[in-house]
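Enquirer: A predicted structure for the sequence below; I have some questions about it.
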Amino acid sequence: MNQIIGKRFFSSSSSSLPEYLFPSVRRLLSDYNIVNVSEIKPTGPQSRLLKGDILSYIQSKNLKPIDSRTLQSSTTASSTTTATATTSKVFQVDKENEKRAGSTVKFEDIPHNNIRKVIATKLTQSKHIIPHLYMTVECDISKVLSLRQKLLPLKVSVNDFVLRAVALALKDCPEANAKWNETTQEIQLNPTVDVSFAVSTDRGLITPIIKNTNTKQLGDISKESKELAIAARDSKLKPEQFIGGTFSVSNLGMFGITHFNAIINYPQAGILAIGTGRRVIKNQQFTTADLDKLDSLLATSEAAKPQIIDIMDVTLSGDNRVFTDEIAAKFLDTFKKYISNPESMLL
């Protein structure tokens, strides 16, 4: 019957093994591929092999440890010679494969440019010192998509509507248009509404600013955002065009991302993460006042007909020192009302 030491198999017919082996003894037998244990004289109590016995044997035979990857796995070890030959062969093949792989595998280090270094520093700082609060709402953008078609040939993107809605929501909720003052340890309200929006460039992410966003109409926001995005990708932004801002918007909807949590653009206190729009089926909703006449409402085909609407998920990441649950909910509710009723943003 075969007995196992470490990860090797030893035949009881070729060697007489003690019933108990200390872990240190097993390790040495495995590391040095010692299979003929009967040659080693035990000096421990009850004729047990000790670590010193193995070390003396290793020294007397001038043995060298073998590579741990060349363990011989066999359910039958007919002889010591066969086991040793197999191990040597496996070890040789392993070395040849390693040599061939090493000659073809190449690695390339890509250094960070200055913008990516700044981004890494600021995002790390933001996550380290800002207690992030997250809240998500589902917004109906069916009317936004419909209004875009009516405004043609004026090309207005969904993101332009988002920027306009954010600016108006910040104006209506001034407590959300604020930041945390690290010096005074107090909330500091911002005197203007300056919305930053994320633009992806070859050198990294950059956030141009539309200053006094709440005072600008949808067409002006659309024009300015396109000009700033082009300047950002061409590395032509001036420092005052991307340093500052009171709130940020990050839109990954064009990449098919439905939901994500953005990191706050420190020292700002809030950022809105915009997901992609998707079509869903929504059943007709009834108010409490309709319950008395529910049977008659359900009997009409129009009332019972499900609605197909376009929705998108919007997630606020807020500095919990500035955004309480109430302030965050109020801001998101206000934003939702504007984006769901875009005609109100044209006034």
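Expert: That came through fine. What you are looking at is a predicted structure, and each value in this text was computed from that prediction instead of being measured.
Enquirer: Quick check: Ile141 touching Ser340?
Expert: Yes: the criterion here is CB atoms under 8 Å, and Ile141 meets it with Ser340 at 7.4 Å. (C-beta placed from N, C-alpha, C; glycine too.)
Enquirer: which of the two has more neighbours?
Expert: Neighbour count, other CB atoms under 10 Å: between Ile141 and Ser340, Ile141 has more, with 23 against 17.
Enquirer: Neighbouring strands - and their directions - for the longest strand along the chain?
Expert: In the chain, assigned by DSSP state E, the strand with the most residues is strand 307-319. Applying DSSP bridges, strand 307-319 is found paired with strand 132-140 (antiparallel), strand 270-274 (antiparallel), strand 278-282 (antiparallel).
Enquirer: can you list the domains in this structure?
Expert: According to automatic domain parsing, the chain comprises the domains 2-104, 114-345.
Enquirer: Tell me where the model's unsure across this structure.
Expert: 1-20, 67-105, 283-305 (pLDDT under 70).
Enquirer: got the residue ranges for the strands in it?
Expert: Secondary structure of the chain by DSSP E: the strands cover 2-5, 8-11, 132-140, 178-181, 186-189, 195-197, 199-201, 204-206, 209-210, 247-251, 270-274, 278-282, 307-319.
Enquirer: which of these is buried the deepest?
Expert: strand 195-197 (a mean of 27; mean count of other CB atoms under 10 Å).
Enquirer: Report the distance from that one to the chain centre.
Expert: Distance of strand 195-197 from the chain centroid (CA atoms, centre = their mean, to the nearest Å) equals 22 Å.
Enquirer: hang on, the earlier thing: quick one, the longest strand of the chain and strand 247-251 angle?
Expert: With axes from the mean of the first three to the mean of the last three CA atoms, to 10 degrees applied, the angle from strand 307-319 to strand 247-251 works out at 140 degrees.
Enquirer: distance between strand 307-319 and the chain's centre?
Expert: Put simply, strand 307-319 sits 19 Å off its chain's centre (CA atoms, centre = their mean).
Enquirer: Check stretch 106-124 too.
Expert: Computed by CA atoms, centre = their mean, the separation of stretch 106-124 from the middle of its chain amounts to 17 Å.
Enquirer: mind listing what's buried in it?
Expert: By 16 or more other CB atoms under 10 Å, the buried positions in stretch 106-124 come out as Ile119.
Enquirer: May I have the distance across that stretch, first residue to last?
Expert: 31 Å (CA to CA, to the nearest Å).
Enquirer: Can you give the contact residues for that stretch?
Expert: Here stretch 106-124 makes contact (CB atoms under 8 Å, 6 or more residues apart in numbering) with 201, 203-206, 263, 265-266.
Enquirer: The same query, at a cut-off of 6 Å, please.
Expert: Outside stretch 106-124, the residues that touch it by CB atoms under 6 Å, 6 or more residues apart in numbering are 203-204, 263, 266.
Enquirer: now stretch 263-279
Expert: Around stretch 263-279, the neighbours that count as contacts under CB under 6 Å, 6+ apart are 122-123, 125-126, 130, 141, 162, 178-179, 247-251, 253, 256-260, 262, 308, 310, 312-319, 322.
Enquirer: same deal with stretch 306-313?
Expert: With CB under 6 Å, 6+ apart as the criterion, stretch 306-313 contacts 136, 138-142, 145, 258-259, 275, 277, 279-283.
Enquirer: again with stretch 166-176
Expert: The contact list for stretch 166-176 (CB under 6 Å, 6+ apart) reads 177, 193, 195, 213-214, 247, 249, 327, 330-331, 334-335, 338.
Enquirer: again, only using 7 Å
Expert: 177, 189, 193, 195, 213-214, 247, 249, 270, 272, 323, 327, 330-331, 334-335, 338, 345 (CB atoms under 7 Å, 6 or more residues apart in numbering).
Enquirer: Number of residues surrounding the closest residue to Ile327 other than its chain neighbours?
Expert: Closest residue to Ile327 apart from its sequence neighbours, by CB to CB, 6 or more residues apart in numbering: Glu175 at 5.2 Å. Residues lying near Glu175 (other CB under 10 Å) number 15.
Enquirer: For the stretch 51-200 of the chain, just list every one of the helices.
Expert: Secondary structure of the stretch 51-200 of the chain (DSSP state H, counting those that start in this stretch): helices at 51-61, 80-104, 114-129, 142-150, 158-172.
Enquirer: Go through the strands of the chain and name the closest to Ala229.
Expert: With CB to CB as the criterion, Ala229 lies closest to strand 199-201 of the strands of the chain, at 4.9 Å.
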